[in-house]
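Undergrad: Fold the stuff below for me.
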Amino acid sequence: MIIFTTKLFVDHCHLRELNQREKLSIYCSIFVPSLTCGHESRVITEKIRSQIETAEMGFLRRVAGVSLTDKVRNFVVHEELGVESLLLCVERRQLRWFGHPVRMHPGHLPVEEFQSRPAGRSSRGRPWSR
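TA: Take a look at the predicted model:
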């Protein structure tokens, strides 16, 4: 999904008719929601974190007109465009989502699920495939 989204929108950034503001508008309205959808309640592994950051920076570097060979750091590109990092946005959303079950009264299903601990131990080795 991340690779398809990146390919789709990076191709549109090559259009010379769009100025930087319009490209950032595409970034904020389409690219960001498609990359951050559903990550509030999920654990983000290093692989997913790397994929999100790579897709984000590929798009932002094309918008800014900077290539990897220019040796410009990611935070400089973020500051130049005035855009916040997607990973910071996802972490803020995760903390906001975490506050909901914490504030709920005991006995609600989300609270019970959030505070549940699995009983027993899992078997050793790789899980069986069905």
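Undergrad: what about the helices in the chain?
TA: 2-12, 20-26, 32-36, 46-64, 74-81, 86-103, 109-115 (DSSP state H).
Undergrad: Quick check: which of those is nearest to Arg121?
TA: Smallest distance to Arg121 across the helices of the chain (CB to CB): 19.6 Å, for helix 109-115. All C-beta atoms are positioned from the backbone trio N, CA, C, and that covers glycine.
Undergrad: could you give me the average pLDDT of that closest one?
TA: Model confidence over helix 109-115 averages 80 on the pLDDT scale.
Undergrad: Quick one: residues in contact with that helix.
TA: His100, Pro101, Met104, His105 (CB atoms under 8 Å, 6 or more residues apart in numbering).
Undergrad: can you redo those residues as a markdown table with distance to Cys37?
TA: Below are these laid out as a markdown table (distance: CB to CB, whole Å):
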| residue | distance to Cys37 |
| --- | --- |
| His100 | 18 |
| Pro101 | 20 |
| Met104 | 24 |
| His105 | 29 |
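Undergrad: Make a markdown table out of those residues and add neighbour count and pLDDT.
TA: Converted to a markdown table, the contacts of helix 109-115 look like this (neighbours: other CB atoms under 10 Å; pLDDT from 0 to 100):
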| residue | neighbour count | pLDDT |
| --- | --- | --- |
| His100 | 13 | 82 |
| Pro101 | 15 | 81 |
| Met104 | 14 | 86 |
| His105 | 6 | 86 |
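Undergrad: Number of residues surrounding Arg42?
TA: The number of residues packed near Arg42 is 11, by other CB atoms under 10 Å.
Undergrad: what does Gly107 give?
TA: Gly107 has 7 nearby residues by other CB under 10 Å.
Undergrad: go on, Tyr27?
TA: Residues near Tyr27, counting by other CB under 10 Å: 20.
Undergrad: Name the nearest residue to it, sequence neighbours excluded.
TA: Nearest residue to Tyr27, sequence neighbours excluded (CB to CB, 6 or more residues apart in numbering): Phe59, at 6.1 Å.
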